[in-house]
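Give me coordinates for this.
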Amino acid sequence: MSKKNIAVVMGGYSDEYKVSLKSGQLIFDSLDREIYNVYKVVILKDEWYFLDENDQKKPINKADFSADLGNRESLKFDACFNIIHGTPGENGILQAYWDAVGQKYTGCDFYQSALTFNKKDTLAVLSKYGIPSAKSIYLRKGEDISDDKIVEELGLPLFVKPNQSGSSLGISKVKEKNELKTALEIAYKEDDEILIESALNGTEVSVGVLDYKGEVIVLGITEIIPDKEFFDYEAKYEGASQEITPARIDEETTKKVEEISIKAYKSLGMSGFSRSEFIIVDGIPYLLEMNTNPGFSPASILPQQAKIYGISIKDLCGSEVEKALNK
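Next comes the predicted model:
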C-alpha cells in the first residue's frame, strides 16, 4: 500500500496566523510517518507556498492545489489537514475553494465553518435547539441605537464584540455607559456587524468536542480564570489566564455541560475539532461561541484536554486524516 500524501495547511490572513503556524508544527510532528508522507503548506494573504525538506518555498498551483516542484513535476495531496485559525480556513472560504477543485480536507464543511464564524447566526440556530445564550443586540455599521436603549435592554456591565472574528480581537467589556462609543468603534474596526451582549457572571469553561472513531465525544472541560477582566486575545494566546482541566464543577453541572456541548455540535452538523466557550450561571451553561478550528499549539486547550482524556496527539490527528480520506 502506498503512503498517502498529507498536507498540513497552516497560516491564514488574520493576526492568528502566528498561532496557526505553531499548531501546524505540532500536527506536522505528530502525524504517523509510517502511514503518511507529511508536508507543510503555508497560506498567507500575499502567497501560498509548499515547504520542501530544505524549507525552500515552492509555489502552490491554485488551479488544483498542487505543489509546483519545478522540472514539470508537481505534488498532489490525498488530504489537507486544515489548521488555519480565522480567515480563510475557519470561515468557509478555503473549504469552498477546496470543494471546487476536488481537494479532500479535515474538519467541517464550508457551510458549518461560515455559520460558526458568525456569532449571531450560530446563537440564532442553536436557540432553536433550546441552547441558552446571553441576551444580545445585533448592529450593522451605520445603524443607530441610543446608548440608553442598549443599557436599558442589557444592563451593565456588557460586552461589545465583532460578530465575525476568530480571535477575540476587538472585544471590550463596558462598565459605564460613557465607554460604549469607544467600544463600538473598536469592534467596528474588526467587522461591519457587531454583537452587544449582557455580561454573564459565572464560571467560564472551554469544552473540546470532536467526532472520534464514530462517536461525538467531549474531550474535556477546562475552567478559564482570566488574569484580566475576561478571556481576551492576550489571555487566549499569550497565556494571561489560568486554565484548570478538568474544571472545578460538580458532577451534575459537568453532565449538563457535556450534554449541551454535544447537542450544539450535532445540531450544527459539525465535524472535526471544535471548542465551545460557555459561562455557567446557577448551574446553567450559556453558550458564548464555538470555534471550528481552535488553537492546537502545545499550549492550547485541546491538546491539554487530550492528554487528560488519554488520547495521544498522534491518534487524534490520525483520526482526522482518516475521516478526510474517507470523505
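
nearest spatial neighbour of Ala199, skipping sequence neighbours?
Leaving aside its chain neighbours, Ala199 sits nearest to Pro157 (4.4 Å; criterion: C-beta to C-beta, 6 or more residues apart in numbering). C-beta coordinates here come from the backbone N, C-alpha and C atoms, glycine included.

can you count the residues close to that neighbour?
For Pro157, the neighbour count with other C-beta atoms under 10 Å is 15.

Then Glu34?
By the measure other C-beta under 10 Å, the count of residues near Glu34 is 5.

now do Ser2
6.

Next, it: secondary structure please.
Three-state call for Ser2 (DSSP: H, G, I helix; E, B strand; the rest coil): coil.

Tell me the confidence at it?
Ser2 is assigned 90 on the pLDDT scale.

now it: how far from Glu53?
Ser2 sits 19 Å away from Glu53, taking C-beta to C-beta, to the nearest Å as the criterion.

quick revisit: the residue nearest to Ala199 and Lys173 touch, don't they?
Yes. Pro157 is within contact range of Lys173, at 5.7 Å (criterion: C-beta atoms under 8 Å).

So the nearest residue to Ile225 once chain neighbours are set aside, which state does it fall into?
Spatial nearest neighbour of Ile225, excluding adjacent residues (C-beta to C-beta, 6+ apart): Gln242 at 4.2 Å. Of the three states, Gln242 takes strand under three-state DSSP.

Report the helix or strand with the lowest average pLDDT across the protein.
helix 233-237 (a mean of 51; mean pLDDT, DSSP states H and E).

where does the stretch 101-250 of the chain have low pLDDT?
165-168, 228-240 (pLDDT under 70).

Can you give me every residue that contacts the residue nearest to Ile225?
Applying C-beta atoms under 8 Å, 6 or more residues apart in numbering, we find Gln242 in contact with Ile224, Ile225, Asp227.

returning to that earlier point: list residues touching both of Pro157 and Lys173?
By C-beta under 8 Å, 6+ apart, the residues touching both Pro157 and Lys173 are Ala199.
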